[in-house]
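Visitor: Okay, here's the prediction I keep looking at, along with the sequence it came from:
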Amino acid sequence: MYAIFIFLLLNFLIKSYAKYSVGVIDTAENWAYMERFCFVSQTSQLSFTLQYPVKYEIETLYLYYDTADQWDAAYNGSLVSPKYTGSV
């Protein structure tokens, strides 16, 4: 009982935030923007699960830092993108 109390107490004392996204990408394009999020790499953890048909062969997932030069690279120049403002 004491262990459960400590566990619950610690969960309320420690701030944690999560982003959970679910969706379907249905496009004829060979490149699609999926999600934008930020986290502190020194203290955070990123995990993801992608599901796609085997006939699509190997898919690639790119992760970019939140900097002006990588923002342009992330949108690949061929897509209409919001203007980079330097903040999320």
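Guide: Looks like it arrived, so ask away. Residues are numbered from 1 along each chain as shown.
Visitor: Assign a three-state SS to Asp69, would you?
Guide: Under DSSP: H, G, I helix; E, B strand; the rest coil, Asp69 falls in the helix class.
Visitor: can you pull out the helices in this structure?
Guide: 2-13, 68-74 (DSSP state H).
Visitor: tell me, which of these is the model least confident about?
Guide: Here these differ in mean pLDDT, and the lowest is helix 68-74 at a mean of 69.
Visitor: Excluding chain neighbours, what is closest to the residue nearest the centre of the chain?
Guide: Centroid-nearest residue in the chain: Phe37, 5.0 Å away (criterion: C-alpha atoms, centre = their mean). Nearest residue to Phe37 in three dimensions, chain neighbours excluded: Lys19, at 5.1 Å (C-beta to C-beta, 6 or more residues apart in numbering). (Each C-beta comes from the backbone N, C-alpha and C, glycine too.)
Visitor: neighbours around the one you found, how many?
Guide: Applying other C-beta atoms under 10 Å, we find 10 residues neighbouring Lys19.
Visitor: follow-up on the earlier one: now the residue nearest to the centre of the chain: how far from Tyr65?
Guide: 12 Å (C-beta to C-beta, to the nearest Å).
Visitor: ok, back up a step: how much space between the residue nearest to the centre of the chain and Asp66?
Guide: 10 Å.
Visitor: likewise Thr43?
Guide: When Thr43 is compared with Asp66 (using C-beta to C-beta), they lie 16 Å apart.
Visitor: neighbour count winner among these two?
Guide: Per other C-beta under 10 Å, whichever of Thr43 and Asp66 has more neighbours is Asp66, with 14 against 6.
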